[in-house]
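Undergrad: quick one, fold the following:
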Amino acid sequence: MAPFQALGENPTLSLDRSLELLQWLDYLGYDEAWVGEHHSAGWEIIASPEVFIATAAERTKHIKLGTGVVSLPYHHPLMTANRMVLLDHLTRGRAMFGVGPGALVSDAVMMGINPPTQRPRMEESLDVIMKLFTSTKPITHESDWFTLKEARLHLRPYTKPHMPIAVAAVQSPSGMMLAGKHGASILTISVPAVGTGTGNNSGMPARKSLKEYWKIAEESAAKHGKTVKREEWRLVAHAFLAETKKEAMDRARRTAGVYQREYFEETLGNAIDYKGPIDGIIDFLVGTGQWCVGTPDDLVEYIHRLDEESGGFGGFLVQGAELGTREELMHSYELIARYVMPKFQGSLENLVGSRNWTAERKDQFQALRRSALTKAQEDFAKKR
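TA: Just a heads-up that it's a prediction; the model follows:
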């Protein structure tokens, strides 16, 4: 949940709609939701994921809520750590700490931050935050952008030794390297196009394959005496479902085109290898495997393909774009909960086994049933 909400709508209602969605996901049994931080460009309107999560935590019961992500170069590490510890206590351990360098160059420019410094600063900040989370001794650290003088957390984390930590890894290898350095989990926010190379012509370096990404994390972990776990690797992709693929494509056709062209291309300058009409953008994104728009079976197949492409991962996150109406979006998440989740969570295995076991013996069981009924009738006749 960046969130991506079209410019021109009432932003207050958009925020309420995002909170309502989290309540719905909590009811449907989703494991977790991640909330982003952005400060410019019009579409992504949550400036503080911590404040938003604190509000959402009061309206939900079970779902874990993560910062997806806090842009570490924008904040003093001590303040960031203290805010997350407070959130850890307020949610009674449902908070997760996702970190990144900052996704929008426009955010950094407004704060006078030189974009090439963002990833080194992210690493320096997380190094210090990890010390604050795990050490009770004062920490002194002098940097070119922040200072700590005999600093320590005022409040220790509720979760021991600290809340779950995840590092965003999008296009550069720095996120994977940093996750490996600290043995953290990983949020791969942009899934490389399946079988199509980079899928863009923006002049950016070609993204590595998912298997190559994971190898970077493993090598970094080994270098620092840590381990990374595939079950803590989350992949993010767009998914929008309906009863038929045609219904899903028709519902999302216009909104997907506006979302991609008006925001990612015309606002941010992130081009893709498609120059046709706006209504055809969704066909390109689905056809190249970058998005999944269709039925629950389509999403099951898509996740299996990502599993093969990556060599194995632990969590699938749906990118929170409003590709349909409020009701259509709610229904899409319900279809995922009803028909996709059980395929991967093992909740159907015994039910299917029990059904098959019963069906294979139905003739035998019917004979026993008839025998029992006959016996009951005979016994009744004797008593009369």
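
Undergrad: helix, strand, or coil at the most centrally placed residue in the chain?
TA: The centroid of the chain falls nearest to L317 when counting by Cα atoms, centre = their mean (3.4 Å). Secondary structure, DSSP: H, G, I helix; E, B strand; the rest coil: L317 is strand.

Undergrad: pLDDT at it, what is it?
TA: Per-residue confidence (pLDDT) for L317: 97.

Undergrad: before we move on, what about T140?
TA: For T140, the predicted pLDDT is 98.

Undergrad: need phi/psi at it.
TA: phi -120, psi 130 (degrees, to the nearest 10).

Undergrad: residues in contact with it?
TA: L148, K149, E150, A151 (Cβ atoms under 8 Å, 6 or more residues apart in numbering). Quick note: C-beta positions are derived from backbone N, CA and C, even for glycine.

Undergrad: so who does the residue nearest to the centre of the chain touch?
TA: Here L317 is in contact with W34, L187, R234, L235, V236, A237 (Cβ under 8 Å, 6+ apart).

Undergrad: which of these ranks first by neighbour count?
TA: In terms of neighbour count, L187 stands highest of these at 27 neighbours, by other Cβ atoms under 10 Å.

Undergrad: separation between that residue and F97?
TA: 11 Å (Cβ to Cβ, to the nearest Å).

Undergrad: overlap in contacts, those two.
TA: Joint contacts of L187 and F97 (Cβ under 8 Å, 6+ apart) are A166.

Undergrad: what about dumping the CA coordinates of the helix or strand where R17 lies to CSV?
TA: For R17, the element it lies in under DSSP states H and E is helix 11-28. Taking C-alpha atoms only, helix 11-28 is exported to CSV below (Å, rounded to 0.1, in the frame of the first residue of the first chain):
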residue,chain,number,x,y,z
PRO,A,11,-7.5,12.7,-0.6
THR,A,12,-9.2,12.4,2.8
LEU,A,13,-11.7,9.9,1.4
SER,A,14,-8.8,8.1,-0.3
LEU,A,15,-7.1,7.7,3.1
ASP,A,16,-10.3,6.4,4.7
ARG,A,17,-10.7,3.9,1.8
SER,A,18,-7.2,2.6,2.5
LEU,A,19,-8.0,2.1,6.2
GLU,A,20,-11.2,0.4,5.2
LEU,A,21,-9.3,-1.9,3.0
LEU,A,22,-6.9,-2.9,5.8
GLN,A,23,-9.9,-3.7,8.0
TRP,A,24,-11.3,-5.9,5.2
LEU,A,25,-7.9,-7.7,4.7
ASP,A,26,-7.8,-8.3,8.5
TYR,A,27,-11.3,-9.9,8.3
LEU,A,28,-10.3,-12.0,5.3
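
Undergrad: for that helix, buried residues please.
TA: S14, L15, R17, S18, L21, L22, W24, L25, D26 (16 or more other Cβ atoms under 10 Å).

Undergrad: closest to M330 out of those residues?
TA: W24 (5.7 Å; Cβ to Cβ).

Undergrad: my read is that the closest one contacts S332, right?
TA: No. Here W24 lies out of contact with S332, judged by Cβ atoms under 8 Å, at a distance of 10.9 Å.

Undergrad: any idea how far R305 is from A237?
TA: 11 Å.

Undergrad: before we move on, what about Y333?
TA: Distance from Y333 to A237, by Cβ to Cβ: 14 Å.

Undergrad: can you check F365 too?
TA: The value you get for F365 to A237, if Cβ to Cβ is used, is 45 Å.

Undergrad: go on, L7?
TA: 24 Å.

Undergrad: same check on T55?
TA: 27 Å.

Undergrad: same check on T12?
TA: T12 is 29 Å from A237, by Cβ to Cβ.

Undergrad: at which residues are the strands of this protein located?
TA: 32-35, 64-71, 95-100, 139-142, 147-151, 165-168, 185-188, 233-241, 291-294, 315-318 (DSSP state E).

Undergrad: who's sitting farthest from the centroid in the chain?
TA: R384 (69.3 Å).

Undergrad: any idea of the pLDDT on that residue?
TA: pLDDT, read off for R384, is 82.

Undergrad: let me see the contact set for the closest residue to P173 other than its chain neighbours.
TA: Leaving out its chain neighbours, the residue that sits closest to P173 by Cβ to Cβ, 6 or more residues apart in numbering is I216, at 4.9 Å. When contacts are counted by Cβ under 8 Å, 6+ apart, I216 touches P173, M176, M177, G180, K208.

Undergrad: helices of this structure, start to end?
TA: 11-28, 49-59, 77-90, 105-110, 118-134, 174-182, 210-223, 245-258, 281-287, 296-310, 326-335, 341-345, 349-360, 362-383 (DSSP state H).

Undergrad: among the ones you listed, show me which one is buried the most.
TA: Greatest average neighbour count among these goes to helix 174-182 (a mean of 24), per mean count of other Cβ atoms under 10 Å.

Undergrad: packing partners for that helix?
TA: helix 118-134, strand 165-168, strand 185-188, helix 210-223 (3 or more Cβ pairs under 8 Å, 6 or more residues apart in numbering; DSSP states H and E).

Undergrad: in CSV, list these along with mean pLDDT and distance to P49.
TA: Converted to CSV, these look like this (pLDDT from 0 to 100; distance: least, Cβ to Cβ, whole Å):
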stretch, mean pLDDT, distance to P49
helix 118-134, 98, 15
strand 165-168, 98, 12
strand 185-188, 96, 13
helix 210-223, 96, 24
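
Undergrad: nearest to G324, out of the ones you listed?
TA: strand 185-188 (24.5 Å).

Undergrad: direction included, what does that closest one pair against?
TA: strand 165-168 (parallel), strand 233-241 (parallel) (DSSP bridges).
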